[in-house]
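Chemist: what shape does this take:
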Amino acid sequence: MEDGRPVPLHHPSAPTPLATWLDAQAIATAVPDGPLPALLNGVPLAPATALPTDAAGWEALAAASPAFDEPPYPAVSTLQAAAGVAIEESDGRLWLVAPSNAYGGYACTLPKGRVDPGLSLRATAVKEALEEAGLLVQLHGFLADCRRTQTLTRYYLARRIAGHPGAMCWESQAVHLVPRARLDDFLTHPSDAPLLQLLGSAG
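Modeler: You can find the predicted model right below:
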């Protein structure tokens with residue numbers, strides 16, 4: 001729902017069988033009301049509650065992540081600041097979002113978004129993970145700074161600590177859990193090429 005109105009999908013995504021979620025070599029796809037296990041790798045799959053309603057709340061969530069170092073953000077006057085997150089499961093798979101109707105030419109990508117006034121890069125990454133993928137995460141490292149069409153996006157590494165992928169917002173029509181060896185089938189947009197190189201060779 002966008003502003004209380006349904007978002008029509010031109011090519012709706014289909015959920016995968018329940019068994020795909022429990023197979024570390026399988027691609028699993030979540031849509032609202034699709035089949036999901038109660039637990040995944042020992043962490044419950046349940047919608048996050050008591051969500052932040054202001055910048056201070058998002059900053060508090062980001063501050064709950066363990067301490068880690070990151071380089072200074074190389075702000076560029078011609079690009080807007082943005083942040084995103086690579087969320088890895090303990091079984092080695094990574095969470096990707098499918099933007100509704102392949103918005104921006106992306107069949108799939110990592111959760112990301114522009115920095116809202118009053119938010120830090122870290123808080124933005126946590127917020128985007130929850131909004132676009134339905135997942136509450138803890139950041140644990142710096143991944144990369146990537147120049148995109150209109151933004152300079154800082155990407156963090158993260159782990160899922162709560163949430164439910166079926167609770168993604170209207171911006172996403174599906175959430176995928178993908179083995180590293182299959183990332184090149186999903187991260188196909190040219191802007192994601194640096195991320196594909198980094199994530200496909202890691203782990």
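
Chemist: the spatially closest residue to Pro71 that is not a sequence neighbour: what's it in contact with?
Modeler: Spatially, and ignoring its direct neighbours in sequence, Pro71 is nearest to Phe142 (6.8 Å; Cβ to Cβ, 6 or more residues apart in numbering). C-beta here means a position set from N, CA and C on the backbone, and glycine is covered the same way. Applying Cβ atoms under 8 Å, 6 or more residues apart in numbering to Phe142 gives the contacts 68-71, 154-157.

Chemist: I'd like to know which of the residues you listed is nearest to Gly42.
Modeler: Closest approach to Gly42 among these (Cβ to Cβ): Leu157, at 19.3 Å.

Chemist: quick revisit: can you lay out the contacts of Phe142 as TSV showing pLDDT and distance to Val137?
Modeler: Formatted as TSV, these follow (pLDDT from 0 to 100; distance: Cβ to Cβ, whole Å):
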residue	pLDDT	distance to Val137
Phe68	97	14
Asp69	97	19
Glu70	97	16
Pro71	97	21
Arg154	97	15
Tyr155	98	12
Tyr156	98	9
Leu157	98	10
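
Chemist: which one of the residues you listed sits closest to Leu40?
Modeler: The nearest member of the contacts of Phe142 to Leu40, counting by Cβ to Cβ, is Leu157 at 18.4 Å.

Chemist: assign a three-state SS to the closest one, would you?
Modeler: Under DSSP: H, G, I helix; E, B strand; the rest coil, Leu157 falls in the strand class.

Chemist: if I look at it, how far off is Gln138?
Modeler: Computed as Cβ to Cβ, to the nearest Å, the Leu157 to Gln138 distance reads 10 Å.

Chemist: got it, and Gly42?
Modeler: On the measure of Cβ to Cβ, Gly42 and Gln138 end up 15 Å apart.

Chemist: burial measure for Ala60, as a count.
Modeler: Using other Cβ atoms under 10 Å, the number of residues around Ala60 comes to 13.

Chemist: ramachandran angles for it?
Modeler: In terms of degrees, to the nearest 10, the main-chain angles of Ala60 are phi -60, psi -40.

Chemist: ranges for the helices of this protein?
Modeler: For the chain, helices defined by DSSP state H occupy the ranges 18-21, 55-63, 121-133, 193-200.

Chemist: which strands or helices does the longest one pack on?
Modeler: Judged by 3 or more Cβ pairs under 8 Å, 6 or more residues apart in numbering; DSSP states H and E, helix 121-133 is in contact with helix 55-63, strand 80-88, strand 94-99, strand 112-114, strand 135-147, strand 151-163, strand 172-178.

Chemist: apply 6 Å and report the result again.
Modeler: Packing partners of helix 121-133 (3 or more Cβ pairs under 6 Å, 6 or more residues apart in numbering; DSSP states H and E): helix 55-63, strand 80-88, strand 94-99, strand 135-147.

Chemist: go on, the second one?
Modeler: Packing contacts for helix 55-63, counted by 3+ Cβ pairs under 6 Å, 6+ apart, involve helix 121-133.

Chemist: that concludes my questions; thank you for your assistance.
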